[in-house]
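Undergrad: Here's a sequence, model it:
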Amino acid sequence: MITNIIAWLVLGLIAGALAKLFYPGTQGGGILSTIVLGILGAVVGGYLGQTLLGSGSAAAASAGAFSLGSILFAVLGAMLLIFLWGLFTRRAV
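TA: Here you go, the predicted model:
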């Protein structure tokens, strides 16, 4: 149980940091928001990847497992969340 929580936290930190690194522009937030972004990105990316592609790596991302594919899907999911957050929080001029 504790190892699963630690795995989610580490995967979230890696995925969130990579998503913030690759996504253009600046995103605020500290390490906690980066971890949460990565964990939610892993869930979203894993779900979408498994649903649309039937990929086992995507399923691993949503389960918090470590592999290159699971990190890729988690980063893509986190980048999608950054994009959607920007759409919803953008101010009208």
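Undergrad: For this structure, which helix or strand comes out least confident on mean pLDDT?
TA: Using mean pLDDT, DSSP states H and E, the weakest-scoring helix or strand in the chain turns out to be helix 56-63, at a mean of 60.
Undergrad: Quick check: closest non-adjacent residue to the spatially most central residue of the chain.
TA: Nearest to the mean C-alpha position of the chain, counting by CA atoms, centre = their mean, stands Gly41 at 2.3 Å. Distances taken as CB to CB, 6 or more residues apart in numbering place Ala78 nearest to Gly41, at 2.7 Å, with adjacent residues excluded. C-beta coordinates here come from the backbone N, C-alpha and C atoms, glycine included.
Undergrad: Number of residues surrounding the one you found?
TA: A count of nearby residues for Ala78, using other CB atoms under 10 Å, gives 31.
Undergrad: how near is it to Gly25?
TA: Here the distance between Ala78 and Gly25 works out to 14 Å (CB to CB, to the nearest Å).
Undergrad: Counting by contacts, list what the strand or helix carrying Phe83 packs against.
TA: Using DSSP states H and E, Phe83 falls within helix 68-89. If contacts are counted by 3 or more CB pairs under 8 Å, 6 or more residues apart in numbering; DSSP states H and E, helix 68-89 sits against helix 2-22, helix 31-53, helix 56-63.
Undergrad: closest one to Phe88 among the ones you listed?
TA: Nearest to Phe88 among the helices and strands packed on helix 68-89 is helix 31-53 (14.2 Å), distances taken as CB to CB.
Undergrad: could you give the angle of the closest one to helix 68-89?
TA: Here the directions of helix 31-53 and helix 68-89 differ by 110 degrees (axes from the mean of the first three to the mean of the last three CA atoms, to 10 degrees).
Undergrad: Helix 31-53 vs helix 2-22, what angle?
TA: With the same axes, to 10 degrees as the basis, helix 31-53 and helix 2-22 are set at 90 degrees to each other.
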